[in-house]
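Engineer: one predicted model, sequence on top.
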Amino acid sequence: MTTPRDSQPADPMVVVNGVLDRLRSEPGALLPILHEVQDALGHIPGEVVPVIAEALNLSRAEVHGVVTYYHHFRSQPPGRHVVQVCRAEACQSCGADELLAGAETVLGCKAHATRPDGMVSLEPVYCLGMCAMSPAIMVDDKPRGRVTLDDLRRLEAQWKEAVAS
Ligand code: FES
């Protein structure tokens, strides 16, 4: 995922028009379009919803409904770092629920939320394809397995240190 946290923010309209030019005539184009827009912008800004709706001959409510139905899609920009904690079966059997609850405390933000200082967003997800390494998480699109709360404490400390230096 390329997000604005790494570089200059991209113009949402330029991004969405480029994606629509390539994908609008594909069957079932809405989901691929939303994925590409989020990959490029880090979220689906509200201002692009009517543009996508018009291009696909859908209502704004239909596009908005899809964006809000799937937890994967964000309507708000994420924090500088995104921690995704797997909550699917294999990870649950290895303590994922406890890890997520502990992550809320260690990282200082609730699941599905971004910390007030914008440092980190915490997102529950369902299977990262690393079931043999449960409990698994993704940190800024990098997979990590057999994760403990101490790992999260170290990450959080590194991020704080990087901001302070
Ligand atoms: S169940 Fe967590 S990675 Fe598959």
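Structural biologist: Looks like it came in fine.
Engineer: who in the protein is up against the ligand?
Structural biologist: By CB under 6 Å from any ligand atom, the part of the chain that sits against the ligand consists of 86, 88, 89, 90, 91, 127, 128, 129, 130, 131, 134, 136. No exception for glycine: its C-beta is placed from N, CA and C like everyone else's.
Engineer: tell me the confidence at the fifth one?
Structural biologist: pLDDT, residue 91: 97.
Engineer: then the first one?
Structural biologist: In this prediction, residue 86 carries a pLDDT score of 97.
Engineer: phi first, then psi, for it.
Structural biologist: With angles defined as degrees, to the nearest 10, residue 86 sits at phi -70, psi 130.
Engineer: please enumerate the helices of the protein.
Structural biologist: In the chain, the helices defined using DSSP state H lie at 12-23, 30-41, 49-56, 60-69, 89-92, 96-107, 149-164.
Engineer: next, the buried residues of the fourth one.
Structural biologist: Right, helix 60-69. 63, 64, 66, 67 (16 or more other CB atoms under 10 Å).
Engineer: before we move on, what about the shortest one?
Structural biologist: Residues 90, 91, 92 are the ones in helix 89-92 that count as buried (16+ other CB under 10 Å).
Engineer: TSV for those, including distance to residue 82?
Structural biologist: What follows is these, written out as TSV (distance: CB to CB, whole Å):
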residue	distance to residue 82
90	22
91	17
92	21
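Engineer: got a list of what the residue nearest the centre of the chain touches?
Structural biologist: Centrality entry for the chain: nearest residue to the mean C-alpha point is residue 72, 6.0 Å, by CA atoms, centre = their mean. For residue 72, the contacting residues are 38, 125, by CB atoms under 8 Å, 6 or more residues apart in numbering.
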